[in-house]
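K.L.:
Provided below are the primary sequence and the corresponding predicted coordinates.
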Amino acid sequence: MSDSMMKYNVRKGLAHIFLYAVTASLLFPLFWMLMTSFKSPNEWVTYPPTWIPTEPTISNYRFIFFGSAGRFARTYSSAVIPYLNTVFVAVTSTLVAIVIGVLGSYSLSRFKTGGSLTLLSIIMPRMFPPMAMIIPLMIFFQLIRAIDTYWGLIIVYIGFTLPYSVLMLKGFMDGVPKEFTEAAMLDGLSEWQILYKIWLPIIKNGLMTTTLFLLILNWTEYTFALTLSSRGVETITLTLAKLFSNEAGTYYGPQSALGILAAIPTIIFGIFIHKHLAYGFTFGALKR
Amino acid sequence: MPGLVLNNISKRYGDVQALDGINLQIQDGEFCVIVGPSGSGKTTLLNIIAGFTKPDDGEVTVDGKPYNQLSPRDRNIGMVFQDIGLFSHLTVRKNISFGLEIKKSSKKDIDKRVEEIADRLKIRKLLDKKVRLLSGGEAQRVAIGRTLITDPSFFLFDEPLGNLDANLRVEMLTEIKRLHLHLKKTFIYVTHDQEQALSAASRVMIMKDGKALQKGPPREIYNNPIGKFVAEFFGVPSMNLIDGTIIPEEDGSLFQGAGLNVKVKGYSQSKKAEVTLGVRPTDVVVGNQITEDGFGTINSLELLGDKNQIYLTLEQEKSIIAVTSPEVRPELEERVKIKLKENRIFLFDRDQGGRLYP
Amino acid sequence: MSERIKRKGKIPVNIIMLLPTNIIILFLIIIPTILVIWFSLVNFQPTFGINFWESKFVFLDNYFKILMDDEFVKAVIRTVYISLICLGVEFTIGLLIASILTGNIHGKKILYPLLIIPIMIPPIVIGNNFWLIFSANGPVNQIISIILNTEFKVSWFSHPKYAIIPIILSEIWHWYPLTFLILFSGLVNISTSEIRAAKILGATEWQLSWRIKFPKLKGIITIALVIRMMEALKVFDVVHLLTHGGPGTRTETISFYLFKYGFKYSRISYVSAGAWIILFISLLGFSLALRSVLVERK
């Protein structure tokens, strides 16, 4: 074997080992969570720690769906409704934010409306620590009676993911070659048609990626859900927090179980579109 | 002493046998063109020569040295890609100088060489331009310039003219031919376009479905195709192929098909057989000569100035093309006599396609 | 070079399209922002009996007060420090995995989706998980005990020096898929011909990385850094869950500080001023970064 060929093989072998070692440590927390979700209460916190449950059970998952009796039942009955709430809120706000974002980014990318100042003003809100916005938003929401409503939360989610929506989509739109637009204009298509028929198919990957990103942000959002809603619109993140609070004691099993369940939809969506992710995450900064 | 030898190269991808026992010997300084339809395996073969793919079987040898285990960077080759592949983040100058910058040559040497190459390829004024502003033809020249700087021992071209306009293609091919004459190095050129092959090559290898069908100088392949596919592939317009039957006679055979009756001297068979007759358009004579082989109806005419291209329909709806001198001007729908030039007929096996005669 | 929009007597199309964005941003963001400005300039403190309409105008008093607060300044420095560490480690991990996964590795197809999962998990879940993992009787301590061959039973979350580590680690674990995805798609989308051309010209793997791959990824790396930094500075969830800013104030981040004084102590004006200071600093930093990206794009 030539020298360079041998070095290449050794390097490949080391890379394999390294990759598996790193992957193992990266997957470890996930593994732990999965295991805990199947542990019975006596194995939640043991010394030495239990790696694999000796009596695996699905009681934690049952707890999630059907709740419990007793003192805790006052605040926690079942996670099913919060789960559905989260689905509704996250999906709706993501879809609307994408649609509005597409329109806005098209305007910015193709026509450069308002210049870079407009772009900056759209992104700027995202730099603001949400904490600081809470009080004013709460007051504002009290005034327009939006506290603890579905549409209130959805509007907030839309508002706060819109900057990312516009920023990311604009990046992709900037990568659309001029020739397509010119040809379409010669064919007499209107601006809306050009957007719908030409640009959107071209940035399909980026669109999928942005949607996933927004979905993740909305699905896992905690701060606004905590402050702007309570019993009426309880999302999964609140339920998780409840299980963690002192009131509940330490329900580690159900927490992990709910954690797994909470992670699943975004993971499924991610796997569903993972082919698009490969191109999508370049934000249009690389020409194909 | 052959410069490059491919010895029984085979490569399989899943169910598909991309290359099946390819043997080829290329002499030093030859312009060898590998032609074939898409999917014939020619790009795979080129990638194996370049070192990007390893063959399942067989060996690549250069000047007696085995190349199989060498990585591309140790093979001292220049390669021009179909999609050009210029470094889009660098200027033209930096693209060309890349090969020497890798070797950490001195700035003076690099600049000198870059300018030499730029002059030779007439791209001096492009040197400080950004790559994405180049036209197709300009980009291809830069790509060629990029390969020259390391002074490789041979050059690989992967369909270099594919992305260019028709008129540019002729110009670039001439450039490449001139370059070959100047450098006197081996060129291995892959294309699906048989016109490029015919005009530039000193030696051609035709591939189909992973196999090498015929090798040799282009003229020879044109005049002596080994089978139906090769015969049809080479030549514009392509060879007319007419299915029919061969009937043994006392002094040879008679071919009957599509209403033609063609005497084939020197071909004897013991019994009747189904064959395909091949005749090039230039060897089909249209007119009112004394003896005819058959009749045809004029479908359309193309008057191309220095020749006429006549489309005829024979019996059984068979269409053929004849290429004649400009004076031959039949009328549309006219029924004319056709004769096939005697020593210019081919007979091919109907199923296998192999050549039966001459 | 914007396109000219033909006015047909109606509002031009591009304005219409941008309108929803602007309206939402305006109402949802600008109005609360104005409120925040107002708060920061008065002494609004509802629990002290001073309600909204009675608060006096105190100009920049709140700003000075908060800048003088040691706790605040420390929180800012700490947050920046955490963010930078997270960014650095995430980029290293992301780059390493992305580079290796672009080669021929067995099991690539399974590893790829698995490695992306952490970013999709709600931070609360991550918090809960890391709480278990780093608890005194948890697996981390167990593993360290085995390696050091002595008993190691540190109480991570109440340790003044070490408490910040689980927080940083959970953030890194949560966000590394972002850099990995960005770098991976960047690498994968570099044209094969360019890479092959470089190899044929004699480039080693190292030269290939430095001269071809990294220069091409500069644009997206910048965007990734900006996005990630924006989020990193706002870290709150895990802090709230794991350490509650403690022990004492040793793991307070900016967001937690604002939460503490805004919600627990209702010092709204004070907090609003703090928020504006943060925004100002962020704006400065990011304008510079984004400007280089915006320019480079066309």
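P.N.:
Yep, that arrived.
K.L.:
hey, let's count contacts and neighbours off CA atoms from now on
P.N.:
Will do.
K.L.:
and chain B, which of its residues are near chain C?
P.N.:
Counting by Cα under 8 Å from any Cα of the partner chain, the positions of chain B adjacent to chain C are B:50, B:52, B:72-81, B:83-87, B:89, B:98-99, B:102-103, B:147, B:150.
K.L.:
rerun at 10 Å
P.N.:
Where chain B comes near chain C, counting by Cα under 10 Å from any Cα of the partner chain, the residues are B:50-52, B:71-90, B:95, B:98-103, B:143, B:146-150, B:152.
K.L.:
which among these count as buried?
P.N.:
Among the residues of chain B next to chain C, those that count as buried by neighbour count (16 or more other Cα atoms under 10 Å in any protein chain shown) are B:50-52, B:71-88, B:90, B:95, B:98-102, B:143, B:146-150, B:152.
K.L.:
the lengthiest helix in chain C: which residues count as buried?
P.N.:
Of all the elements of type helix in chain C, the one with the most residues (DSSP state H) is helix C:70-101. Of the residues in helix C:70-101, C:71-72, C:74-76, C:78-80, C:82-83, C:86-87, C:89-91, C:93-101 count as buried by neighbour count, 16+ other Cα under 10 Å.
K.L.:
after that helix, next one along is what?
P.N.:
Tracing the chain past helix C:70-101, the next element assigned as helix or strand by DSSP states H and E is helix C:108-116.
K.L.:
and that following helix, what other elements does it pack with?
P.N.:
When contacts are defined as 3 or more Cα pairs under 10 Å, 6 or more residues apart in numbering or on different chains; DSSP states H and E, helix C:108-116 sits against helix A:3-37, helix A:252-272, helix C:70-101, helix C:164-188.
K.L.:
and the ones you listed as CSV, adding mean pLDDT?
P.N.:
Shown next, in CSV, are the helices and strands packed on helix C:108-116 (pLDDT from 0 to 100):
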stretch, mean pLDDT
helix A:3-37, 79
helix A:252-272, 77
helix C:70-101, 87
helix C:164-188, 86
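K.L.:
got a list of what B:I49 touches?
P.N.:
Counting by Cα atoms under 10 Å, 6 or more residues apart in numbering or on different chains, B:I49 touches B:4-6, B:43, B:55, B:59-62, B:67-68, B:72, B:75, B:77, B:156, B:188.
K.L.:
closest to B:P248 out of those residues?
P.N.:
The shortest approach to B:P248 among the contacts of B:I49 belongs to B:L6, at 43.3 Å (Cα to Cα).
K.L.:
I'd say the closest one and B:V62 touch.
P.N.:
Yes - in this structure B:L6 lies within contact range of B:V62 using Cα atoms under 10 Å: 8.9 Å.
K.L.:
which neighbours do these two share?
P.N.:
Looking at what touches both B:L6 and B:V62 (by Cα under 10 Å, 6+ apart), the common residues are B:I26, B:I49.
K.L.:
go back to the buried residues of helix C:70-101 and keep what's next to chain A.
P.N.:
Among the buried residues of helix C:70-101, the ones lying close to chain A by the criterion of Cα under 10 Å from any Cα are C:I93, C:L96, C:I97, C:S99, C:I100, C:L101.
K.L.:
ok, A:V87 - how many residues close by?
P.N.:
Residues lying near A:V87 (other Cα atoms under 10 Å in any protein chain shown) number 18.
K.L.:
what about it, distance to chain B?
P.N.:
Applying Cα to the nearest Cα, to the nearest Å, the value for A:V87 to chain B is 43 Å.
K.L.:
quick check: phi and psi at the nearest residue to that residue once chain neighbours are set aside.
P.N.:
The shortest distance from A:V87 to any residue that is not its chain neighbour, by Cα to Cα, 6 or more residues apart in numbering or on different chains, is 7.6 Å, and that residue is A:W219. Comment: the main-chain dihedrals of A:W219 come out as phi -70, psi -40, following degrees, to the nearest 10.
K.L.:
could you do B:G85 as well?
P.N.:
Dihedral angles phi and psi of B:G85 (degrees, to the nearest 10) take the values phi 60, psi 40.
K.L.:
correct me, but it touches B:D158?
P.N.:
No - contact criterion Cα under 10 Å: B:G85 and B:D158 do not qualify, at 11.5 Å.
K.L.:
how about residue 179, what does it touch?
P.N.:
All of this refers to chain A. If a contact means Cα under 10 Å, 6+ apart, then A:E179 has A:M185 as its contacts.
K.L.:
look at chain C instead
P.N.:
For C:T179, the contacting residues are A:281, C:87, C:90-95, C:97-98, C:185, C:220-221, C:224-225, C:228, by Cα under 10 Å, 6+ apart.
K.L.:
before we move on, the earlier item: for A:M138, which of the helices and strands packed on helix C:108-116 is the nearest?
P.N.:
A:M138 sits nearest to helix C:70-101 of all these, at 23.6 Å, using Cα to Cα.
K.L.:
what's the angle between the closest one and helix C:108-116?
P.N.:
For helix C:70-101 against helix C:108-116, the angle between stretch directions is 180 degrees (axes from the mean of the first three to the mean of the last three Cα atoms, to 10 degrees).
K.L.:
now do the buried residues in stretch C:57-74.
P.N.:
In stretch C:57-74, the ones that count as buried by 16+ other Cα under 10 Å are C:D61, C:N62, C:Y63, C:I66, C:E71, C:F72, C:K74.
K.L.:
three-state assignment of the third one?
P.N.:
Secondary structure state of C:Y63, per DSSP: H, G, I helix; E, B strand; the rest coil, is helix.
K.L.:
what count of nearby residues applies to residue 33?
P.N.:
As the question left the chain open, I've gone with chain A. A:M33 is flanked by 25 other residues according to other Cα under 10 Å.
K.L.:
let's do chain C instead
P.N.:
Burial of C:T33, expressed as a neighbour count using other Cα under 10 Å, amounts to 21.
K.L.:
which stretch of helix or strand covers it?
P.N.:
With elements delineated by DSSP H and E, C:T33 resides in helix C:31-41, which encompasses its position.
K.L.:
could you export the helix of greatest length in chain B as CSV, CA atoms only?
P.N.:
The helix of greatest length in chain B, counted in residues with DSSP H as the criterion, is given as helix B:166-183. The C-alpha atoms that make up helix B:166-183 are tabulated as CSV, following Å, rounded to 0.1, in the frame of the first residue of the first chain:
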residue,chain,number,x,y,z
ALA,B,166,-23.0,24.9,-30.2
ASN,B,167,-20.7,27.5,-31.9
LEU,B,168,-18.5,27.7,-28.8
ARG,B,169,-18.1,24.0,-28.8
VAL,B,170,-16.3,23.9,-32.2
GLU,B,171,-14.0,26.7,-31.1
MET,B,172,-13.1,25.0,-27.8
LEU,B,173,-12.6,21.7,-29.4
THR,B,174,-10.1,23.3,-31.8
GLU,B,175,-8.4,24.9,-28.8
ILE,B,176,-8.1,21.5,-27.1
LYS,B,177,-6.7,19.9,-30.2
ARG,B,178,-4.2,22.7,-30.6
LEU,B,179,-3.2,22.2,-26.9
HIS,B,180,-2.7,18.6,-27.5
LEU,B,181,-0.4,19.2,-30.5
HIS,B,182,1.6,21.7,-28.4
LEU,B,183,1.9,19.7,-25.2
